[in-house]
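> Sequence plus predicted model, see below.
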Amino acid sequence: MNDRQKEAMKHSNKMGAGADKRKHLHGDEKMDVVMNEFKRGTLHSGSGEIVKDRKQAIAIGMSESGKSKKKNK
C-alpha cells in the first residue's frame with residue numbers, strides 16, 4: 001500500500017476524500033475525476049473500502065454522473 005492509499009484510509013469521510021470535491025461536478029467531468037481517483041488508489045466505495053476493481057469504479061462514476069450503462073432502444 002502506497003502513501004496515498006494509507007492517507008485515503010485515514011480519511012474520516014466514508015465516501016472518501018474526493019467525494020466532497022465531486023459534488024459540484026457534472027457528467028464527464030465527474031467520470032474523469034472518479035477514474036483518476038481509481039488510478040491513484042484513493043477511490044472509496046459506499047462502505048468505505050478502497051475500490052480495486054475497474055468495473056466497480058466505472059459503475060461508481062456512471063452512477064454519480066447520472067448516466068446509465070444500458071443503451072436506449
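Thanks, I have the structure now.
> can you point me to the longest helix in this protein?
What stands out as the longest helix in the chain, according to DSSP state H, is helix 27-40.
> Output it as CSV, restricted to C-alpha atoms.
Presented in CSV, the C-alpha positions along helix 27-40 are these (Å, rounded to 0.1, in the frame of the first residue of the first chain):
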residue,chain,number,x,y,z
GLY,A,27,-21.3,14.5,-16.5
ASP,A,28,-18.0,13.6,-18.0
GLU,A,29,-16.0,15.8,-15.5
LYS,A,30,-17.3,13.7,-12.7
MET,A,31,-16.4,10.4,-14.5
ASP,A,32,-12.9,11.7,-15.2
VAL,A,33,-12.3,12.6,-11.5
VAL,A,34,-13.7,9.2,-10.4
MET,A,35,-11.4,7.3,-12.8
ASN,A,36,-8.4,9.4,-11.7
GLU,A,37,-9.1,8.5,-8.1
PHE,A,38,-9.3,4.9,-9.0
LYS,A,39,-6.0,5.0,-10.8
ARG,A,40,-4.3,6.7,-7.8
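> For the helix or strand following that helix, name the packing helices and strands.
Downstream of helix 27-40, the first helix or strand assigned by DSSP states H and E is helix 54-65. Contact partners of helix 54-65 among helices and strands, from 3 or more CB pairs under 8 Å, 6 or more residues apart in numbering; DSSP states H and E: helix 27-40. Where you see a C-beta, it was placed from the backbone N, CA and C, and this is true even at glycine.
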